[in-house]
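Engineer: Next one to model:
(2 chains)
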Amino acid sequence: MSEKGPSDDQDASRPDRGLRRTAELVGIGVTGVVAVAMLGFVLLYWAQDLPVASDLYAAFRSLGRGMDAAFGTNVFRHPIMWQSMAVGVLVGVVAPLVGSFLVHREMALIGETLAHTAFAGVAIGILVTSSTGWNGSLLLVALVVGILGALVVQWLTERTDAYGDVPIAIMLSGSFAVGTLIISYGDGLTGVNIRGYLFGNLAVVTPEGARVMGALSLIVVAGVALTYKQLLFITFDEQAARVAQLNVTGYNTLLVVLTAVVVVGAMQVLGVILVAAMLVVPVAAASQIARSFRETMYLAVIFGQLSVIGGFAVSIGLGLPSGGSIVVTAIAVYLATIVGSGFSVKAISAHG
Amino acid sequence: MTPIVDLDGVTFAYGDTVAVSDVSLTVDEGDFLGLVGPNGSGKTTLLHLMLGLHEPDEGSIELFGRPVDEFDDGGRIGYVSQKATSRGGAMPVTVRECVTMGRFAHAGRGRLSTADRAAVADAIETVGVGDLADRLVSELSGGQKQRAYIARALASDADLLALDEPTVGVDAESRDAFYALLDDLNGEGITIILIEHDIGVVTDRANRIACINTELYHHGDTESFVESDALAEAYGTTGQVVHHHH
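Structural biologist: Predicted coordinates for the structure are as follows:
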């Protein structure tokens, strides 16, 4: 019998499943289009002085003014808002993507740890730029420190049982402590908006930050797409994956480094303290109702996107910080999925 | 003929605690080896050593005629770990997705081919979980989960199945059916290494027995094991403590 036979019959006998799949694919499609449009904006902004791009960019600006007129807002006419929204939309794609593996490896705390490491990176960046006059990007310094932190986390977890909480927790608070010390030491040297990095702020996003996020997003999406099978196997059954001669340490390191990359990019709109939520909450929501791992990833990205767009609406509409707005929206989505799945809260982190 | 597994003087310790001491044994093609011994006797450690999950402190291990640390043909081994039934927790993975993992060692970074998908479908049918293919592994009973994991091993075209107490928490009826399946697979030429605490099950099915309690107490065919004192000796060393030996 062919492989397709039975599953096709089943799909036909359960039209709701076909409908559900269609809805998911539409959701993913829309998310993809929005993400590509946002990447397009970032590129156009960069290239706005070039001949063809300048016309397209002008068209984009008039679209923004049109949207402001339609919604009665004073938002979409400002390029900086588009930068922030671009970063948000891209975070909504890549954070749940990486989070799908992190959450089911019971590594949720690692995202939080890397965010705090990246905060130390921002602090170091501020110190370096203010004391040497080097005109580099804080985000790039944070990225380097974040990746180094990721490698240390990986090294620690290889040498402790499973994902030992204690060394990770020490690293989490330790790097944050170092960050606060450096910032106090360099206080007054610079006018950088530290609160923005802590709590997330639409105004923190610079054109360069948006470009960095665009590039990082492409790396993360490509990285996950190329290693999906291996990451899935290792996440589900690490020992069997080892026996199947997968390079488990290598893929674990890749996952942690990709997490650091996502965290640094997402820090701009979500803030250090809340960035891990986007790795975890949409995935938790998706896992409540998903019928397969692939569906978990699709739904996590869709929920991530809903959270970002809904969060932006709240943030812009009420003048609140973007980070908190996005995370609260994500948790609202999570609660909705609990209601939708008949109040059965799945213990994803089933230790033992 | 090259043995599938060849251990020579293998010793392994966790820190100061010796788990496996000077064990030499071979597993030949087509064998059904039962690995028995009391709790904490080093059965799982020995199996892990055979599969290259631990490096021995002393001695040498060959898998399919190659030193285990150089062995790279992961598709030849199907492994069902002790934790397999309890792990996977609430991770939403369907039976088909789980079985498909068996093809990952073959596909490398490339996409799965039609042949890969056909192998997955065959494996699912062979173990009789065709009607459960789109269900989540976490929703299955213990026996059904084990079948899914065996299907994953079959999908990889493994010629060695390594099973660590696969029927813990599985009801008696499913357990019998599961062991009948193992018999069939062994009859088709697949080599099986089975850790099982129920000695009766092992002596009924296996043609070779290795009885260990840190050291190897018996290694040979099942008949000679049943007639020997190896079991009493192996269990006796821990039994002494329990029975206040004078």
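Engineer: Which residue ranges of chain B form strands?
Structural biologist: Assigned by DSSP state E, chain B shows strands spanning B:5-14, B:17-27, B:32-36, B:58-63, B:66-67, B:77-80, B:160-164, B:191-195, B:208-213, B:215-221.
Engineer: I'd like the ones you listed as TSV, with distance to A:Leu114 appended.
Structural biologist: In short, each C-beta sits where N, CA and C put it, glycine included. Below are the strands of chain B laid out as TSV (distance: least, C-beta to C-beta, whole Å):
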stretch	distance to A:Leu114
strand B:5-14	31
strand B:17-27	35
strand B:32-36	42
strand B:58-63	37
strand B:66-67	38
strand B:77-80	32
strand B:160-164	34
strand B:191-195	39
strand B:208-213	43
strand B:215-221	46
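Engineer: Select, out of those strands, the one closest to chain A.
Structural biologist: strand B:77-80 (4.1 Å; C-beta to the nearest C-beta).
Engineer: What helices and strands are in contact with that closest one?
Structural biologist: Other elements packing on strand B:77-80 under the criterion 3 or more C-beta pairs under 8 Å, 6 or more residues apart in numbering or on different chains; DSSP states H and E are helix A:238-243, helix B:142-155, strand B:160-164.
Engineer: and it, how far out from the chain's middle?
Structural biologist: Its chain's C-alpha centre and that of strand B:77-80 lie 7 Å apart, by C-alpha atoms, centre = their mean, to the nearest Å.
Engineer: Alpha carbons of it, as PDB, please.
Structural biologist: Extracted C-alpha coordinates of strand B:77-80, given in PDB (Å, rounded to 0.1, in the frame of the first residue of the first chain):
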ATOM      1  CA  ILE B  77      21.900   0.700  15.100                       C
ATOM      2  CA  GLY B  78      18.400   1.100  16.400                       C
ATOM      3  CA  TYR B  79      18.500   2.100  20.100                       C
ATOM      4  CA  VAL B  80      15.600   2.400  22.500                       C
END
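Engineer: what's that strand in contact with?
Structural biologist: Strand B:77-80 is touched from outside by A:239-240, A:243-244, B:51, B:63, B:102, B:146, B:149-150, B:152-154, B:156, B:158, B:160-164, B:166, with contacts defined as C-beta atoms under 8 Å, 6 or more residues apart in numbering or on different chains.
Engineer: Show the contacting residues for A:Ala300.
Structural biologist: With contacts defined as C-beta under 8 Å, 6+ apart, A:Ala300 is in contact with A:96-97, A:99-100, A:282-283, A:285-286.
Engineer: May I ask which helix or strand encompasses the one residue sitting closest to the centre of chain A?
Structural biologist: What sits nearest the mean C-alpha location of chain A, by C-alpha atoms, centre = their mean, is A:Ala95, with 2.5 Å. Assessed by DSSP states H and E, A:Ala95 sits inside helix A:79-104.
Engineer: Are that helix and chain B in contact anywhere?
Structural biologist: Yes. Residues of helix A:79-104 contacting chain B under C-beta under 8 Å from any C-beta of the partner chain: A:His104.
Engineer: returning to what we had before: go through the helices and strands packed on strand B:77-80 and name the closest to A:Ser292.
Structural biologist: helix B:142-155 (13.6 Å; C-beta to C-beta).
Engineer: Give me the three-state assignment for whichever residue of the stretch 201-350 of chain A sits closest to chain B.
Structural biologist: Here the stretch 201-350 of chain A gets closest to chain B at one residue, A:Gln245, 3.1 Å apart by C-beta to the nearest C-beta. Here A:Gln245 is recorded as coil under DSSP: H, G, I helix; E, B strand; the rest coil.
Engineer: B:Ala153 versus the residue nearest to it when sequence neighbours are not counted, what's the distance?
Structural biologist: Closest residue to A:Gln245 apart from its sequence neighbours, by C-beta to C-beta, 6 or more residues apart in numbering or on different chains: B:Gly74 at 3.1 Å. B:Gly74 sits 11 Å away from B:Ala153, going by C-beta to C-beta, to the nearest Å.
Engineer: More neighbours: which of these two?
Structural biologist: B:Ala153 (27 against 22; other C-beta atoms under 10 Å in any protein chain shown).
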